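> Pasted the sequence and its predicted model underneath.
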Amino acid sequence: MHGEGVAEYSSGHMYTGSWEIGKYHGRGCFEYDQVGKKVKYDGMWKEGHRHGYGELTLPSGVYYKGDWFWGKQQGIGEVGSVLTDKRFVGRWEKGLINGTGTLFNGPRKAIPRSWRSH
């Protein structure tokens, strides 16, 4: 497939967006069930991998909004929960928090932090 399209799989997974040479490429939305609840990624793709800016939402209410590089969080991103006021905004490397960022624990409490994931 090449161009724009929708793929609905027998597993219930669904992709809507851009394709190139049969792979998700460009802007697209991928939704699938995880233990009967919806997981959704809406953002940029490159050769079938999350790549560029995108937003991932899990059934638990946890989300990640930010940069991706070949399927992993990389660059600047925010992780948090729609159920609490807690969130972290900062640097990511190879899918892990790494470097400086800010932990928000409630609407007014910002705590600068530094992490090393290696």
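Everything's here; your move. Please read these numbers as outputs of a predicted model, since none were measured by experiment.

> Show me where this protein has its strands.
Applying DSSP state E to the chain gives strands spanning 3-8, 14-20, 23-34, 37-46, 49-57, 62-69, 72-81, 86-93, 96-105, 110-115.

> mind putting those in JSON lines, mean neighbour count and mean pLDDT included?
In this view, the C-beta of every residue, glycine as well, is placed from N, C-alpha and C. Below are the strands of the chain laid out as JSON lines (neighbours: other CB atoms under 10 Å; pLDDT from 0 to 100):
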{"stretch": "strand 3-8", "mean neighbour count": "11", "mean pLDDT": "94"}
{"stretch": "strand 14-20", "mean neighbour count": "17", "mean pLDDT": "97"}
{"stretch": "strand 23-34", "mean neighbour count": "16", "mean pLDDT": "95"}
{"stretch": "strand 37-46", "mean neighbour count": "17", "mean pLDDT": "96"}
{"stretch": "strand 49-57", "mean neighbour count": "18", "mean pLDDT": "98"}
{"stretch": "strand 62-69", "mean neighbour count": "19", "mean pLDDT": "98"}
{"stretch": "strand 72-81", "mean neighbour count": "18", "mean pLDDT": "96"}
{"stretch": "strand 86-93", "mean neighbour count": "18", "mean pLDDT": "94"}
{"stretch": "strand 96-105", "mean neighbour count": "16", "mean pLDDT": "91"}
{"stretch": "strand 110-115", "mean neighbour count": "12", "mean pLDDT": "83"}
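
> Residues in a beta bridge with Val89, which ones?
Judged by DSSP bridges, the bridge partners of Val89 are Glu78, Thr102.

> Could you check how far it is from Gly101?
6 Å (CB to CB, to the nearest Å).

> go on, Ile76?
9 Å.

> who touches both of the two?
Val89, Gly90, Arg91 (CB atoms under 8 Å, 6 or more residues apart in numbering).

> In this structure the last one contacts Gly101, no?
This points to Arg91. Yes: the pair Arg91 / Gly101 is scored as a contact, 6.0 Å apart, by CB atoms under 8 Å.
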